[in-house]
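Chemist: Can you look at this prediction? I've put the sequence above it.
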Amino acid sequence: MKRWIMIRRGEQILSAWMQDQTLIQIQADPAANDGILGNIYVGRVKNIVKTINAAFIEIAGGRMGYYSMEEKESPILVSPGGRGLRIGDELLVQVAKEAVKTKAPVLTGKLNLTGRYAVLVHGLTGTGVSSKIPDGEERLMLKAIAEEYTGEGFGYIIRTNARTAGEESFRNELVALRSLYERIQNHGRMRTCFSCVYQAPQPYLCALRDSYDSEVDEILTDDEELYRQIAGYLEEYQPENTGKLRLHRDCVPSLESLYGISHKLSEALKQKVWLKCGGNIVIQPTEALTVIDVNTGRATEGKKNVQETFRRVNLEAAAEIARQIRLRNLSGIILVDFIDMTDRAMREELKGLLETLFREDPIQTRFVDMTALNLVEITRKKIRKPLYEQVAGTGGVADE
């Protein structure tokens with residue numbers, strides 16, 4: 001059984017993606033919707049730093065954001081001036097990445113509006129199709145439909161979920177995205193500086209939107225207000241999933257206790273993760289990257305064929321690392337120090353397994369390289385804060 005479980009825990013909403021009793025993904029969001037990721041604002045250029053080819057743009061609440069001027073697409077200017085971006089210019093910008101520690105949020109003029117089946121992107125020429133749709137004929141068919149709704153200044157990226165969408169649902173979403181884009185453009189040019197012209201759905205609703213249709217068997221919550229919000233969202237955007245929503249009415253046990261969510265969250269914040277084979281992995285985030293070390297632990301006790309043992313530990317560790325990366329929302333550069341294997345075939349087997357596992361991650365994750373010492377470099381797109389930062393400041397989590 002694959003289910004989303006959404007509970008209110010103090011001042012946060014926990015969204016947990018479970019496969020039977022295994023926690024695959026979890027995120028902690030403020031119950032008060034004060035996040036800015038995905039929002040679109042009328043911003044004003046406060047400073048331009050030519051040495052890094054970037055501008056710093058002020059948005060609502062006096063917040064400053066980093067804006068790369070290497071973007072080739074022309075931003076939507078509210079106060080059109082001469083060529084190029086200048087201090088004092090007002091433009092529509094979207095928050096592409098949340099602030100991380102000392103780093104300001106990343107802003108972009110390449111606005112994108114995400115639906116369940118497609119993403120409308122300002123400045124995109126043509127139509128892109130998810131690489132996770134392998135069928136050539138299906139790709140051409142979806143692309144042909146999307147191009148019927150493409151206009152000047154924007155294009156579409158077709159998402160993996162489009163595979164299971166009916167043609168009518170797919171077309172309806174393309175029309176809705178285009179209509180929303182036109183409203184944002186028209187209204188944005190008339191709004192005062194620092195106005196929010198588009199507020200992205202709450203993060204836990206985005207989690208529902210971004211999950212694959214075929215993966216969701218049940219959506220559970222024990223909070224009546226959350227139930228109403230989720231029901232309203234599903235009715236408007238995902239009517240095919242309205243029948244999967246359930247309200248857990250029993251006070252004892254609560255959903256949190258029934259599925260051990262607090263305990264699983266606590267485990268997801270620990271540095272050391274034990275493997276069934278007796279080995280372990282140690283996960284250490286740093287300012288610049290995340291380092292993961294694979295250790296044999298007790299796995300080599302009494303074993304004669306050491307290389308085969310190393311192979312078994314590495315393969316089990318690879319599967320667990322892929323799960324932990326998604327579970328903890330690790331991103332950026334990730335370095336994994338696997339146990340040294342001298343056999344080339346074993347190394348190729350490990351590489352192949354990692355590439356297969358990363359293709360299953362909804363967030364773009366890429367196997368970059370493996371050195372002669374089995375040091376693996378991975379990159380994962382940065383979108384939201386890692387889990388340990390999401391729960392920081394809430395007093396921690398206690399084991400059940």
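Modeler: Nice, thanks for sending it over.

Chemist: C-alpha from now on. contacts and neighbour counts both.
Modeler: Noted.

Chemist: list the helices and strands the helix or strand hosting Tyr227 packs on?
Modeler: Assigned by DSSP states H and E, Tyr227 falls within helix 224-237. Judged by 3 or more CA pairs under 8 Å, 6 or more residues apart in numbering; DSSP states H and E, the packing partners of helix 224-237 are strand 245-247.

Chemist: returning to that earlier point: if we go by neighbour counts, what in the helix holding Tyr227 is buried?
Modeler: Residues of helix 224-237 classed as buried by neighbour count (16 or more other CA atoms under 10 Å): Leu226, Tyr227, Ile230, Ala231, Tyr233, Leu234.

Chemist: same deal with stretch 146-160?
Modeler: Taking 16+ other CA under 10 Å as the basis for neighbour counts, the residues of stretch 146-160 that come out buried are Ala146, Thr150, Phe154, Gly155, Tyr156, Ile157, Ile158, Arg159, Thr160.

Chemist: Then stretch 184-200?
Modeler: Residues of stretch 184-200 classed as buried by neighbour count (16+ other CA under 10 Å): Ile184, Gly188, Arg189, Cys193, Phe194, Ser195, Cys196, Val197, Tyr198, Ala200.

Chemist: Wait, Asp361 touches Leu327, no?
Modeler: No: judged on CA atoms under 8 Å, Asp361 makes no contact with Leu327 at a distance of 10.3 Å.

Chemist: Just list whatever residues bridge to the closest residue to Ala28 other than its chain neighbours.
Modeler: Closest residue to Ala28 apart from its sequence neighbours, by CA to CA, 6 or more residues apart in numbering: Leu14 at 4.7 Å. Taking DSSP bridges, one obtains Ile7, Ala28 as the residues bridged to Leu14.

Chemist: quick one, which of Asp361 and Leu327 is more surrounded?
Modeler: Leu327 (21 against 15; other CA atoms under 10 Å).

Chemist: Would you mind confirming that Thr309 is in contact with Ala299?
Modeler: Yes: in terms of CA under 8 Å, Thr309 counts as a neighbour of Ala299; the distance is 7.2 Å.

Chemist: Return the set of buried residues in the strand or helix carrying Ala96.
Modeler: The secondary structure element spanning Ala96 is strand 90-97 (assigned by DSSP H and E). Burial within strand 90-97, assessed by neighbour count using 16+ other CA under 10 Å, is assigned to Glu90, Leu91, Leu92, Val93, Gln94, Val95, Ala96, Lys97.

Chemist: distance of Thr221 from Leu234?
Modeler: Look at Thr221 and Leu234: by CA to CA, to the nearest Å, they are 14 Å apart.

Chemist: Rounded mean pLDDT for stretch 48-62, please.
Modeler: pLDDT averaged over stretch 48-62 equals 92, rounded to a whole number.

Chemist: Name the residues that touch it?
Modeler: Counting by CA atoms under 8 Å, 6 or more residues apart in numbering, stretch 48-62 makes contact with 41-47, 64-70, 86-87, 193-196, all of which sit outside it.

Chemist: And it, how far out from the chain middle?
Modeler: Taking CA atoms, centre = their mean, to the nearest Å, one finds stretch 48-62 lying 25 Å from the centre of the chain it belongs to.

Chemist: where in this protein is pLDDT low?
Modeler: For the chain, residues meeting the criterion pLDDT under 70 lie at 71-73, 80-83, 212-215, 300-304, 393-400.

Chemist: From the rest of the structure, what touches stretch 198-212?
Modeler: When contacts are defined by CA under 8 Å, 6+ apart, stretch 198-212 is touched by residues 4, 6, 13-15, 27, 29, 33, 36-41, 115-116, 160-161, 184, 230, 233, 238, 362.

Chemist: Over to stretch 244-261?
Modeler: For stretch 244-261, contacts defined as CA under 8 Å, 6+ apart pick out 5, 7, 16, 21, 217-224, 227, 231, 262, 400.

Chemist: Determine which two of the residues you listed are furthest apart.
Modeler: Of all pairs drawn from the contacts of stretch 244-261, the one with the longest distance (CA to CA) is Ala231 and Glu400, at 30.2 Å.

Chemist: all helices for the chain, in order.
Modeler: Assigned by DSSP state H, the chain shows helices spanning 136-147, 167-188, 203-210, 224-237, 255-258, 261-267, 306-328, 344-359, 387-390.

Chemist: Can you add distance to Thr286 and give these back as JSON lines?
Modeler: Putting those into JSON lines (distance: least, CA to CA, whole Å) gives the following:
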{"stretch": "helix 136-147", "distance to Thr286": "40"}
{"stretch": "helix 167-188", "distance to Thr286": "38"}
{"stretch": "helix 203-210", "distance to Thr286": "25"}
{"stretch": "helix 224-237", "distance to Thr286": "35"}
{"stretch": "helix 255-258", "distance to Thr286": "31"}
{"stretch": "helix 261-267", "distance to Thr286": "19"}
{"stretch": "helix 306-328", "distance to Thr286": "14"}
{"stretch": "helix 344-359", "distance to Thr286": "22"}
{"stretch": "helix 387-390", "distance to Thr286": "12"}
